[in-house]
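Visitor: Sharing a sequence plus its predicted fold:
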Amino acid sequence: MKKYIKPLILLFVICIAGFVAYHYFSTKVKFNSTYVNGNLSGNLYNAGLFCESNGEVFFSNPSDNGRLYVMNVDGSNVHKLCNDSVMYINADRNYIYYVRNNTNKVTSTMCFTYDKNSLCRIKRTGGKACVLDKDPCIYASLIGNYIYYLHYDTKTATTLYRIKIDGTEKKQVYNHYLFTCNASGQYFYYNNPDNGQLFRYDTASQTQSLFYDCNCYKPVVIDENNIYYMDVDQNNAIVHVNVNNPNPVVLTEGNIEHFNVYGSTIFYQRGGEDAALCMVKDDGTGFKELAKGEYSSINVTSQYLYFTDFSSNNVYYTSISNPGNIKPF
C-alpha cells in the first residue's frame with residue numbers, strides 16, 4: 001500500500017488545486033475593455049424596464065410580478081432568469097445589472113426600501129444574483145466597469161455614488177442627486193438641479209464641464225451634436241438642438257411628462273386633460289397620437305415600443321417601424 005500513498009496524495013492535491021482554480025475562474029468578474037453603456041438613456045429615465053443587448057432583450061416581466069426575463073428581439077424564446085423583480089436594467093457582454101424592485105410596484109418615483117432595492121449583478125444566463133450595494137438604490141447606469149447610481153442612507157439621504165462592477169471601490173461622487181441615465185462612452189450628461197444647465201461629466205478624469213447653456217430637464221444627448229430635452233422655460237416642451245448650429249427646434253407643445261428617443265423619432269407622454277401617448281420626428285414633422293390616456297415607463301428596443309398604463313399597470317407595445325397597432329404585452 002505504501003507505493004500507492006504518494007500517487008494518491010498527489011492526485012488528491014491535483015484535484016483540490018483543480019477545484020480551487022475552477023472556482024476562482026468561474027467566479028472571477030470579467031471586466032469590460034471599453035466604456036460600454038448599459039442601456040439607452042430614454043429607457044433609464046423611464047425606469048429601465050427593457051434593455052436590448054447583443055441580440056437579446058432583458059426585461060421586467062409584468063406577467064410575473066416584474067421579475068427578470070430575457071427574450072429575442074422579436075419577442076420569441078421568453079424565459080426567466082431570476083426571481084427578483086427588477087428595474088433600471090443594464091447589460092454588457094457578460095452580465096446584467098439591475099436594481100431590485102421587490103416592493104411589488106414598478107415606478108420610477110418609488111420610495112426606497114432596505115434590502116428590497118439593492119443594486120445587483122447576475123450572469124446573462126441567469127443564476128444567483130450578486131449584491132453590489134445592499135443599500136437602497138435607484139437610477140443605475142453602467143459606464144465601462146462602473147455603475148453610477150443614486151444611493152440612499154439615513155445620514156446623507158439621496159446622493160450620487162459609483163461602484164465597480166465587482167462590488168469594490170464604492171464611493172460617493174456628489175453629496176446630492178444627479179441623473180446619470182444619459183451615458184455616452186466615458187461621459188454622462190445631466191441637468192444642473194439648480195438652473196437646468198446641461199453639464200457633461202467625464203468618468204475617466206472625474207471632472208465636469210458645461211456642455212450647453214439652457215434650462216433643461218432629463219436631457220438626451222445622442223452624440224456630440226444632437227440634444228433633446230424638456231425645456232423648463234417652455235412648460236417642459238421637447239426641444240431638439242444641434243450644438244454646431246444652435247437654433248433650438250420646439251417639437252411639441254408643453255406639459256410633457258415622459259419621453260424617449262429612438263433614431264429620428266421621439267415618443268412622449270402628453271399630460272393634461274387631453275393626455276395621450278404621442279410621437280413626432282426630430283424636425284417637428286410626423287406627429288401622431290398613438291393612444292389616449294396616461295402612460296409611463298416608455299421603453300424602446302430596435303423593434304418595439306413598450307409602455308405602461310398609469311392606472312392599471314398593464315403593459316402594451318407597438319412596432320417601432322410602423323407605430324399605431326397597440327397590443328397588450
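Guide: Structure's in. What do you need?
Visitor: burial of Asp213, as a residue count?
Guide: 11 (other C-beta atoms under 10 Å). Any C-beta I mention is one placed from the backbone N, CA and C, and that applies to glycine too.
Visitor: Now do the contacts for the nearest residue in space to it that is not next to it in sequence.
Guide: Counting by C-beta to C-beta, 6 or more residues apart in numbering, Asp213 lies nearest to Gln197, which is 5.9 Å off, once chain neighbours are set aside. By C-beta atoms under 8 Å, 6 or more residues apart in numbering, the residues touching Gln197 are 191, 210, 212-216.
Visitor: Can you give me the distance of Gln197 to Phe211?
Guide: Here Gln197 is placed at a distance of 8 Å from Phe211 (C-beta to C-beta, to the nearest Å).
Visitor: Same question for Phe287.
Guide: Counting by C-beta to C-beta, the gap from Phe287 to Phe211 is 28 Å.
Visitor: out of those two, which sits in the more crowded spot?
Guide: Phe211 (19 against 11).
Visitor: so that one sits in a strand?
Guide: Yes - counting by DSSP: H, G, I helix; E, B strand; the rest coil, Phe211 falls inside a strand.
Visitor: Quick check: closest non-adjacent residue to it.
Guide: Arg200 (4.2 Å).
Visitor: element containing Met71, please.
Guide: Using DSSP states H and E, Met71 falls within strand 67-72.
Visitor: Can you name the element that comes right after that strand?
Guide: Following strand 67-72 in sequence order, the next helix or strand is strand 79-91 (DSSP H and E).
Visitor: show me what contacts Cys216?
Guide: Cys216 sits next to 191, 196-198, 229-232, 239 when contact means C-beta under 8 Å, 6+ apart.
Visitor: Drop anything exposed from those.
Guide: With burial judged by 16 or more other C-beta atoms under 10 Å, the buried subset of the contacts of Cys216 is 191, 196, 198, 229-231, 239.
Visitor: Nearest to Tyr306 among these?
Guide: Met230 (20.7 Å; C-beta to C-beta).
Visitor: Tell me how far the host helix or strand of that closest one lies from the chain's centre.
Guide: Applying DSSP H and E as the criterion places Met230 in strand 226-231. Distance of strand 226-231 from the chain centroid (C-alpha atoms, centre = their mean, to the nearest Å) equals 18 Å.
Visitor: Report all helices and strands that it contacts.
Guide: If you count contacts as 3 or more C-beta pairs under 8 Å, 6 or more residues apart in numbering; DSSP states H and E, strand 226-231 packs onto strand 216-221, strand 237-242, strand 256-262.
Visitor: can I assume Asn43 sits in a helix?
Guide: Yes - according to three-state DSSP, the state of Asn43 is that of a helix.
Visitor: Just give me the neighbour total for the residue lying closest to it once chain neighbours are set aside.
Guide: Excluding its sequence neighbours, the residue lying closest to Asn43 (C-beta to C-beta, 6+ apart) is Asn299, at 4.8 Å. Neighbours of Asn299 under the rule other C-beta under 10 Å: 31.
Visitor: Adding mean pLDDT and distance to Asp282 as columns, could you present the helices and strands packed on strand 226-231 in JSON lines?
Guide: Shown next, in JSON lines, are those (pLDDT from 0 to 100; distance: least, C-beta to C-beta, whole Å):
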{"stretch": "strand 216-221", "mean pLDDT": "97", "distance to Asp282": "11"}
{"stretch": "strand 237-242", "mean pLDDT": "96", "distance to Asp282": "5"}
{"stretch": "strand 256-262", "mean pLDDT": "97", "distance to Asp282": "8"}
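Visitor: In a markdown table: the ones you listed, plus distance to Pro62.
Guide: Shown next, in a markdown table, are the helices and strands packed on strand 226-231 (distance: least, C-beta to C-beta, whole Å):
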| stretch | distance to Pro62 |
| --- | --- |
| strand 216-221 | 23 |
| strand 237-242 | 27 |
| strand 256-262 | 17 |
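Visitor: For Ser53, which of those strands is the nearest?
Guide: strand 256-262 (15.5 Å).
Visitor: sorry, back to before: for the residue nearest to Asn43, what is the enclosing helix or strand?
Guide: Following DSSP H and E, one finds Asn299 within strand 295-300.
Visitor: between that strand and strand 79-91, how big is the angle?
Guide: 90 degrees (axes from the mean of the first three to the mean of the last three C-alpha atoms, to 10 degrees).
Visitor: Not counting stretch 178-195 itself, show me its contacts.
Guide: Residues outside stretch 178-195 that contact it (C-beta under 8 Å, 6+ apart) are 35, 37-38, 41, 44-45, 139, 141-144, 148-150, 160, 176-177, 197-204, 211, 215-223, 229.
Visitor: among those residues, which ones are buried?
Guide: Using 16+ other C-beta under 10 Å, the buried members of those are 35, 37-38, 41, 44-45, 139, 141-144, 148-150, 160, 177, 198-201, 203, 211, 215-222, 229.
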